[in-house]
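1. Structure here, sequence nowhere to be found:
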């Protein structure tokens, strides 16, 4: 009996109708050869047909998508396409899209919340006994009992991981030196001569 070490290879998988273990057996060696980790593996249909979306990142990087350039995505796509064709897993016509999770990467696991400690994030939680809550603030990691910690509105909040419906990093554009956009119809105040 073969033991698969890729059980948790992707933090988010949605591949209905595809043989999961065989897919991971074809994909894992390619990602390993390129020094990448899988984030999302999604099989869906859009207006152009069927598409397999593979989102990857450097497992070492503190920044989401660090090291995942267009050239890297192109090479991974070429190698994945060959591996999937050889394995004969996808019948008919389909597109393969390989990319990075982007700056506003979605957070799926407790390890994600710990890895991105100190970064700005937005969490939506819906505890069974209460109303849905949206918190935007700075991630403070994970407590010893597995709760996600986030500082928002001047307080540190502790959220049961099971209650989190979605989470994602948020880019601090002002912190990066980008000014907020002016609202339509508003102009900066004119300055008089001095």
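-> Thanks, I have it. Just so we're clear, the structure is a prediction, and the values are computed from it rather than from any experiment. Numbers count the residues shown, from 1 in each chain.
2. same for the strand or helix carrying residue 28, what does it pack against?
-> Using DSSP states H and E, the secondary-structure element containing residue 28 is helix 20-33. If contacts are counted by 3 or more CB pairs under 8 Å, 6 or more residues apart in numbering; DSSP states H and E, helix 20-33 sits against strand 37-46, helix 70-87. Any C-beta I mention is one placed from the backbone N, CA and C, and that applies to glycine too.
3. now do 10 Å
-> Helix 20-33 sits against strand 12-14, strand 37-46, strand 49-57, helix 70-87, with contacts defined as 3 or more CB pairs under 10 Å, 6 or more residues apart in numbering; DSSP states H and E.
4. closest to residue 118 out of those?
-> strand 49-57 (17.7 Å; CB to CB).
5. on that earlier part again, right, so the helices and strands packed on helix 20-33: which one is the most enclosed?
-> Comparing the helices and strands packed on helix 20-33 by mean neighbour count (mean count of other CB atoms under 10 Å), strand 49-57 comes out on top with a mean of 19.
6. What residues are bridge-paired with residue 168?
-> The bridge-partner assignment for residue 168, based on DSSP bridges, gives residue 106, residue 122.
7. Reformat the helices and strands packed on helix 20-33 as JSON lines; add distance to residue 171 and mean pLDDT.
-> Formatted as JSON lines, the entries for the helices and strands packed on helix 20-33 read as follows, by distance: least, CB to CB, whole Å; pLDDT from 0 to 100:
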{"stretch": "strand 12-14", "distance to residue 171": "20", "mean pLDDT": "95"}
{"stretch": "strand 37-46", "distance to residue 171": "17", "mean pLDDT": "95"}
{"stretch": "strand 49-57", "distance to residue 171": "16", "mean pLDDT": "95"}
{"stretch": "helix 70-87", "distance to residue 171": "20", "mean pLDDT": "95"}
